[in-house]
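[1] Got a predicted model here, sequence first, then my questions.
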Amino acid sequence: MNQSPLVSVIIPTYNRASYLRETLNSVVNQSYSNIEIIVVDDGSPNDDSKLICTQFEKVTYIKINNSGGPAKPRNIGIKKAKGKYLAFIDDDDLWIPSKIEEQVKVLEKHSDFGLVHGYCQIINSEGNLTENIIGKPGSSNVKHGVVSFKMIGSWTLMTSSVLIRKKLIDKIGFFNEKMPPAGEDVEYWVRCSFQTKFFDIQKVVVWYRKHENNISKQEERYIDLPLSLNMVLIQSLKSKIITKQTYLILKGKVAKMQLKMIKKNSFKTISNLFSIDAWWFLKFGNIKLLIYKLLTK
């Protein structure tokens with residue numbers, strides 16, 4: 001009988017010991033047992049997380065100097081991972097008990113898909129479920145299959161919902177540590193979208209915690225994200241992954257994504273727009289969008 005493949009679970013953490021304990025419980029209580037857990041502490045000012053990790057047999061705890069975001073801790077976890085598949089979960093999120101088991105079955109059955117993902121149901125700071133579900137598209141095929149054209153500038157994957165092949169990560173590389181600590185996951189999944197098909201399992205697999213300290217709430221940090229996405233497009237063009245025509249179409253989507261940020265920082269937005277597309281202002285749709293954004297709340 002073949003042994004089930006090893007899954008490496010990577011958890012970046014910073015000074016959230018109480019949430020981390022809940023997260024670890026949701027991982028060790030998975031119906032799928034062949035896992036290793038790598039917790040990378042991004043320089044917490046105490047040893048609380050370390051003490052919690054010692055209470056779990058399958059956990060490897062690593063502490064690094066503070067990097068200010070999850071990219072470096074995730075990359076360190078990737079380097080340490082031994083699994084055929086990798087999963088990431090933030091230190092305040094929870095998994096449904098069958099998350100890994102169901103997703104491993106998908107990737108074992110569908111070798112042409114590089115990763116599988118799903119939806120997240122929001123829980124509040126106390127862990128109580130709400131009725132809000134995020135990551136669920138209006139149409140079932142939007143986030144399934146070849147998604148690069150639909151994805152960029154429109155949506156991203158919820159990182160805690162993903163199970164990805166290690167061999168795909170070996171091809172894609174690491175999370176971008178040069179980016180601000182917000183949007184690095186968006187940039188990474190866009191890179192992945194040019195290399196593989198995405199399998200949307202079309203169900204809730206994560207309980208996503210919303211609270212006052214979520215990085216995703218700090219919208220000003222995303223102001224340079226379109227620049228990073230444009231660099232992904234440029235590299236994809238140079239590598240002949242996309243054609244010049246596709247590049248121009250997707251660059252237009254990235255420019256519109258940047259334009260929508262005009263009220264967060266008008267000067268920075270305009271500066272970035274010229275870096276993405278020197279002739280953005282000659283397109284009627286962009287001017288129309290600019291006026292709309294400036295005139296609405």
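    Good, I have the coordinates. In this text, all values refer to a predicted model and were calculated from it rather than measured experimentally. Residues are numbered from 1 along each chain as shown.

[2] My read is that L6 contacts G83, right?
    Yes. L6 sits in contact with G83 when judged by C-beta atoms under 8 Å, with a separation of 4.1 Å. C-beta coordinates here come from the backbone N, C-alpha and C atoms, glycine included.

[3] okay, these two: which has more neighbours?
    G83 (19 against 15; other C-beta atoms under 10 Å).

[4] Got phi/psi on the more buried one?
    phi -80, psi 160 (degrees, to the nearest 10).

[5] That one: what's its closest spatial neighbour, skipping adjacent residues?
    Across the structure, with C-beta to C-beta, 6 or more residues apart in numbering as the measure, the residue nearest G83 apart from its sequence neighbours is S8 (3.4 Å).

[6] all strands for the stretch 51-200 of the chain, in order.
    In the stretch 51-200 of the chain, strands defined by DSSP state E, counting those that start in this stretch lie at 59-63, 85-88, 94-95, 113-123, 129-134, 163-165, 197-209, listed in chain order.

[7] So which elements touch the shortest one?
    Strand 94-95 makes packing contacts with helix 17-28, strand 197-209 when contacts are defined by 3 or more C-beta pairs under 8 Å, 6 or more residues apart in numbering; DSSP states H and E.

[8] Now the first one: buried residues?
    Going by neighbour count (16 or more other C-beta atoms under 10 Å), the buried part of helix 17-28 is 17, 19-24, 26-27.

[9] now the stretch 151-297 of the chain, which segments are flagged as low pLDDT?
    Flagging of the stretch 151-297 of the chain using pLDDT under 70 yields the residue ranges 212-219, 297.

[10] at 80 instead, please
    Low-confidence regions of the stretch 151-297 of the chain, defined here as pLDDT under 80, cover residues 211-220, 297.

[11] Please enumerate the helices of it.
    Listed from the start of the chain, the stretch 151-297 of the chain has helices (DSSP state H, counting those that start in this stretch) covering 166-172, 184-193, 225-238, 244-259, 266-276, 284-295.

[12] which of the ones you listed sits most buried?
    helix 184-193 (a mean of 23; mean count of other C-beta atoms under 10 Å).

[13] and that helix with helix 225-238, angle?
    Compare the direction of helix 184-193 with that of helix 225-238 by axes from the mean of the first three to the mean of the last three C-alpha atoms, to 10 degrees and you get 20 degrees.

[14] rewinding a little: let me know the secondary structure of the residue nearest to G83.
    Local secondary structure at S8 is given as strand here, using DSSP: H, G, I helix; E, B strand; the rest coil.

[15] Return the member of the buried residues of helix 17-28 nearest to D48.
    Nearest to D48 among the buried residues of helix 17-28: A17, at 3.7 Å, using C-beta to C-beta.

[16] can you pull the contacts of the closest one?
    For A17, the residues meeting the contact criterion (C-beta atoms under 8 Å, 6 or more residues apart in numbering) are 44, 46, 48-49, 51-52.

[17] so how far is G68 from it?
    For A17, the distance to G68 under the criterion C-beta to C-beta, to the nearest Å works out to 19 Å.

[18] same check, this time on R16
    With distances defined as C-beta to C-beta, the gap from R16 to G68 amounts to 15 Å.

[19] For stretch 99-113, which residues meet the burial criterion?
    Judged by neighbour count (16+ other C-beta under 10 Å), stretch 99-113 contains these buried residues: 99-100, 102-104, 106-107, 113.

[20] Looking at these, which is nearest N124?
    Taking C-beta to C-beta as the measure, N124 sits nearest to K99 out of these, at 20.3 Å.

[21] That closest one: what's its closest spatial neighbour, skipping adjacent residues?
    The shortest distance from K99 to any residue that is not its chain neighbour, by C-beta to C-beta, 6+ apart, is 4.5 Å, and that residue is V205.

[22] Can you report how many residues lie near that neighbour?
    V205: 25 surrounding residues under other C-beta under 10 Å.
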